[in-house]
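*Asks:* predicted model and sequence follow; I will ask about them next.
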Amino acid sequence: MKQEFVEKIKHNPDYIKLVKIRTQYAMRLTITMLVIYFIFILTIAFKPALLAATINETSVITIGIPIGIFVIVIAFVLTGLYTRRANSEFDDLTKKIKNSLVDENNE
Amino acid sequence: MNNKAFLFLILGSLGLLASDTIDGEITKQALNIPAIIMFVIFVGATLGITYWAAKRTKSPKDFYTAGGGITGLQNGMAIAGDYMSAASFLGISGLVYLKGYDGLIYSIGFLVGWPIILFMIAEPLRNLGKYSFADVASYRLRQAPIRILAAFGSIATVILYLIAQMVGSGKLIQLLFGLQYEVAVILVGVLMILYVTFGGMLATTWVQIIKAFLLLSGATFMAVMVMSHYNFSFEALFSDAVAIKGSAIMSPGGLIDDPISAISLAIALMFGTAGLPHILMRFFTVSDAKEARKSVFYATGFIGYFYMLTFIIGFGAIVMVYQNPEYLDLVKQAIDGGSPILGGNNMAAIHLSHAVGGDFFLGFISAVAFATILAVVSGLTLAGASAISHDLYASVIKGGDADHHKEMRVSKIATVVLGVVAIILGIMFEKQNIAFVVGLAFAIAASANFPVLILSMYWSKLTTRGAVIGGSLGLATAVVLVLLGPIVWVDILGNTEAIFPYKYPALFSVSMAFISIYLISKTDNSSAAKEERAKFEAQFIRSQTGIGAEGASEH
């Protein structure tokens, strides 16, 4: 990439906004996933009995099972959330940045 | 069961996730005719696809990335096909069958790396790279040393993984189809060489898509048959299972009992997944970042769904296979007591397929298991071949100026060589304990490939010196700690006490890599380092926006 492009894009408000919101959103989702997973795995390491309680008195199903399924589902949901926002909002911003380059070149 | 035996078992099952080791002595089965017919149909269809793909595979770009025209949904399915090995199918359902809840814990560990790949890696990887993750790592650093390190990490990961797959496939096929071990290994090796040399990434992708579809359909059918037996009541299924095996199977059973191992295993699985060369390579088959994101979204869905099915299948096997005299290994039972099933616990899903669908469905699932192995080894070999032809030959030896025809030739020769090496190692390791192999592959991916890749994307101060020395130290630490750890040092080499007490080195080797890369880069004041830092800005803009990235299929 040519240095003039770099300078132009670097100061483009849309680019600054894109980097900021994307970084924030990706970090937030990453931390959410890590926190959920590490709580789960450390509960298993330290207090496995917590997951061994049954969901009600008559059932054999332990709360560990819906919680485990929840971790799988949440992993999928988080990828869905990111993909939806990135494929609309972030890509729109990217397009605007690219268009601004083309426009200036045509002037 | 005592603690050590249990740890060993768990480790064994880590191996199984990709190695399909079948425990116990294997008695060759009678020829399984429906399975062989269905397998021949699969091989015929995939060779047809290879023929079709061969005509469309002309340039290195076609060979490595299928021309970059795969859609997000197709790629998501293919990623799932790459990741769901016969081993995760048989190994995890076998672990659920044996230990219940612990199987679920295991599969969750293999899933949580995916969201992280999406949030941190998929887009910059697609925007910066062309054919391999080394393209990204070497984007602003010195080509030769970085590519050599990356190729070394890739080839080590690929070969370890291949050993596990080949040994597992030989044993599985011996058991399912009644073929001799060597014949089975050679058959897998030859088919894989055919797919990859002639059909490249396009054929490999479609083999993976078809296999993922067959595997998901077969597993869905089994889970539905199990549930319909219980009028779709989980309570009824679990009650029956508890009545057979006791309530311990419903809760964590000591899979992970010390926090260091827990964290170390979590790091190995998460960062290891994000450093597997055959997985990373798949992101270059789509046209842009948008499709790359969709790939991960679909792949996570398929893989998560698959792990839920294996949970039901494992419990289904408890109620339908366990204690069913038809599937019991009577010889073993006479000696050891209990209810051992034929071929060991990892055959639980295979026996269940017979229990719910008879000989025909058993044949189908057996053929799917074989297809699964073929798809996984093909993806691995392609990634290994591209590390040799693209990173070492074209970029290092030819300085990025290789003739396309020659590069293609090198990649094909590399594929054949890797295939032959895989066959030889597969036969050599038949009787060896390979439980450590996949764990080591994940550890190397997490400690060498991943730190260099992620820091090259996000850390402006990274220098060649830091990446090369730190990445090598991470790799060496992982290898040494595995060798000195309980599995190799005690269980294989027969020493009484492990020098390094933990089974999973990732916490230590990954920290070693990050800390040394940081310190060495920070103190690197060479003029080359200054230049490399100055180039970060342009690289970051491209990684964020895709501006300057190679477009889709441009021929």
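*Replies:* Here it is on my side, so go on.

*Asks:* once you drop chain neighbours, what's closest to B:Ile388?
*Replies:* B:Ala414 (4.0 Å; Cβ to Cβ, 6 or more residues apart in numbering or on different chains). For every residue, glycine as well, the C-beta is placed using N, CA and C.

*Asks:* look up phi and psi at that neighbour.
*Replies:* phi -60, psi -40 (degrees, to the nearest 10).

*Asks:* and what of B:Lys431?
*Replies:* Dihedral angles (degrees, to the nearest 10) for B:Lys431: phi -100, psi 10.

*Asks:* how close does it sit to B:Lys171?
*Replies:* 11 Å (Cβ to Cβ, to the nearest Å).

*Asks:* out of these two, which sits in the busier spot?
*Replies:* B:Lys171 (23 against 8; other Cβ atoms under 10 Å in any protein chain shown).

*Asks:* in the stretch 351-500 of chain B, what residue lies closest to chain A?
*Replies:* Nearest residue of the stretch 351-500 of chain B to chain A: B:Tyr458, at 9.4 Å (Cβ to the nearest Cβ).

*Asks:* so which helix or strand takes in the residue nearest the centre of chain A?
*Replies:* Nearest to the mean C-alpha position of chain A, by Cα atoms, centre = their mean, lies A:Leu29 at 3.4 Å. Using DSSP states H and E, A:Leu29 sits within helix A:13-46.

*Asks:* show me the contacts for the residue of chain A found nearest chain B.
*Replies:* Evaluated by Cβ to the nearest Cβ, chain A has A:Ala52 as its residue closest to chain B, separated by 3.4 Å. Residues near A:Ala52 by Cβ atoms under 8 Å, 6 or more residues apart in numbering or on different chains: A:62, A:64, B:250-252.

*Asks:* which outside residues touch whatever helix or strand B:Leu237 lives in?
*Replies:* B:Leu237 is located in helix B:234-245, with elements delineated by DSSP H and E. Outside of helix B:234-245, the residues within contact range by Cβ under 8 Å, 6+ apart are A:59-61, B:100, B:226-227, B:229-230, B:249-250, B:312, B:315-316, B:318-319, B:322-323.

*Asks:* where in the chain is pLDDT low?
*Replies:* Just going to use chain A. A:1, A:103-107 (pLDDT under 70).

*Asks:* chain B is the one I meant
*Replies:* Chain B contains residues with pLDDT under 70 at B:1-31, B:254-257, B:435, B:550-555.

*Asks:* for chain A, give me its nearest residue in it.
*Replies:* For chain B, Cβ to the nearest Cβ, closest residue to chain A: B:Ser251, 3.4 Å.

*Asks:* and the helix or strand containing B:Ile146, how far out from the chain middle?
*Replies:* Here B:Ile146, judged by DSSP H and E, is contained in helix B:143-177. In terms of Cα atoms, centre = their mean, to the nearest Å, the centre of helix B:143-177 is set 9 Å apart from its chain centre.

*Asks:* ditto for stretch B:84-103
*Replies:* 15 Å.

*Asks:* and the residue nearest in space to the middle of chain B, what does it touch?
*Replies:* Nearest residue to the geometric centre of chain B (Cα atoms, centre = their mean): B:Tyr83, 5.0 Å. By Cβ under 8 Å, 6+ apart, the residues touching B:Tyr83 are B:110, B:273, B:279, B:299, B:303.

*Asks:* residues contacting A:Asn56?
*Replies:* Taking Cβ under 8 Å, 6+ apart as the definition, A:Asn56 has no contacts.

*Asks:* my reading is that it lies in a strand. Confirm?
*Replies:* No: in this structure, A:Asn56 is coil, not part of a strand, as judged by DSSP: H, G, I helix; E, B strand; the rest coil.

*Asks:* next one: phi and psi at it?
*Replies:* Dihedral angles for A:Asn56 - degrees, to the nearest 10 - are phi -150, psi 180.

*Asks:* repeat for the one 3 residues further on
*Replies:* In terms of degrees, to the nearest 10, the main-chain angles of A:Ser59 are phi -90, psi 150.

*Asks:* B:Tyr327 contacts B:Gly343, doesn't it?
*Replies:* No: look at B:Tyr327 against B:Gly343 with Cβ atoms under 8 Å: they stay out of range, at 9.0 Å.

*Asks:* what about those two, which has more around it?
*Replies:* Shown here are B:Tyr327 and B:Gly343; by other Cβ under 10 Å, B:Gly343 has more neighbours (26 against 22).

*Asks:* would you mind giving me the PyMOL syntax to select the buried ones in the contacts of helix B:234-245?
*Replies:* The PyMOL selection below is limited to those of the contacts of helix B:234-245 classed as buried (16 or more other Cβ atoms under 10 Å in any protein chain shown):
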select buried, (chain A and resi 60+61) or (chain B and resi 100+226+227+229+230+249+250+312+315+316+318+319+322)
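
*Asks:* number of residues surrounding B:Glu407?
*Replies:* B:Glu407 is flanked by 20 other residues according to other Cβ under 10 Å.

*Asks:* am I right that B:Asn127 sits in a helix?
*Replies:* Yes: the assignment for B:Asn127 by three-state DSSP puts it in a helix.

*Asks:* and it, what does it touch?
*Replies:* So B:Asn127 contacts B:289, B:542-546, B:549 (Cβ under 8 Å, 6+ apart).

*Asks:* rerun that using 10 Å as the cut-off
*Replies:* By Cβ atoms under 10 Å, 6 or more residues apart in numbering or on different chains, B:Asn127 lies in contact with B:136, B:283, B:288-289, B:292, B:457, B:539, B:541-550.

*Asks:* which residues sit against stretch B:393-408?
*Replies:* So stretch B:393-408 is contacted by B:57-64, B:131-132, B:134-135, B:138, B:143-148, B:150-151, B:197, B:200, B:386-392, B:409-411, B:413-414 (Cβ under 10 Å, 6+ apart).

*Asks:* ok, stretch B:513-532 next?
*Replies:* If you take Cβ under 10 Å, 6+ apart as the criterion, stretch B:513-532 is touched by B:139-142, B:271, B:446-452, B:454-456, B:459-478, B:533, B:539.

*Asks:* take these and keep only those in helices.
*Replies:* Using DSSP state H, the subset of those located in helices is B:271, B:450-452, B:454-456, B:464-478, B:533, B:539.
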